[in-house]
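[1] for reference, the sequence and a predicted model appear below.
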Amino acid sequence: MRLRVLAPLLLLVVLLSSAGAAAVAAPAAVPDVPAGLWSRPVDGEVTRAFDPPPDRYGPGHRGVDLAGSPGSPVRAAGDGVVVFAGMVAGRPVVSVEHAAGLRTTYEPVDPVVGAGQPVGRGTVLGTLAAGHVGCPVAACLHWGLRRGEDYLDPLSLLEPPEVRLLPMGAPLTR
C-alpha cells in the first residue's frame, strides 16, 4: 500500500527536479482556526513572502506583501472587530482582532473604519496607499497575522493553500 502512494510522489519530485522547478511548501494551517472563513484583502500577487524572524527582535518579514493599485479597496480577511485605525511610524495602519486570539494588520491603508467597529470578511477597511518600502509595483499591501506575540504567515489562513512553483535555486522573495 505504501509503495502505491510513495511511487507517484517520488515520480512527481523527479519530474519537477528534472524540469528545473521546485515546489515551494504551502504554509502550515493556523491551529484552531476553521479553514474557508478567510479571503485575501487584495487580489494582487505576493511580491514578498513571509520570512519569520529567528527571535522576537531579529530581522525578518512579519507578513506578506501583496501587489495592488493606489486607491484600491482593502478588505477584511475575516470577521472581527477593528482595534486600531491610524498612523504608526508615519504610515496608515488598520488592525482587526479575530476569534481564536488572531489579529490581522493592513498597511499602508487609508482607513474608512474606526476602532471598535465590527467588520465581516470582505468589509472594506480603507484604500491602499502608495509608498510601501521595497514594493516593486505602484502599491503593495503589507498583510500581517499574529496570535499573541507570535507572527504567523497570513497566507496560511486561505483555503486551499497557495502553492507556487519557482525555478531551482530561486530565492523565495521577489
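    Done, it's in.
[2] low-confidence ranges in this structure?
    Applying pLDDT under 70 to the chain flags the ranges 1-36, 160-166, 169-174.
[3] which non-adjacent residue is nearest the spatially most central residue of it?
    When Cα atoms, centre = their mean is applied to the chain, the residue found nearest the centroid is residue 154 (3.6 Å). Nearest in space to residue 154, with sequence neighbours left out and distances taken as Cβ to Cβ, 6 or more residues apart in numbering, is residue 145 at 3.9 Å. (Glycine included, C-beta is placed from N, CA and C.)
[4] burial measure for residue 146, as a count.
    17 (other Cβ atoms under 10 Å).
[5] so where does the residue nearest to residue 154 fall, helix or strand?
    Secondary structure assignment for residue 145, by DSSP states H and E: strand 139-147.
[6] name the helices or strands packed onto that strand?
    Judged by 3 or more Cβ pairs under 8 Å, 6 or more residues apart in numbering; DSSP states H and E, the packing partners of strand 139-147 are strand 64-68, strand 102-107, strand 150-152.
[7] so which residues of this protein form helices?
    With helices called from DSSP state H, the chain shows them at 2-18.
[8] wait, what's in contact with residue 95?
    For residue 95, the contact set (Cβ atoms under 8 Å, 6 or more residues apart in numbering) comprises 82, 83, 84, 85, 103, 104, 105, 106.
[9] out of the residues you listed, which is most surrounded?
    Counting neighbours by other Cβ under 10 Å, residue 106 leads the contacts of residue 95 with 28 neighbours.
[10] excluding chain neighbours, what is closest to that one?
    In space, residue 106 is closest to residue 94, 4.8 Å off (Cβ to Cβ, 6+ apart).
[11] right, I'll call it a day here.
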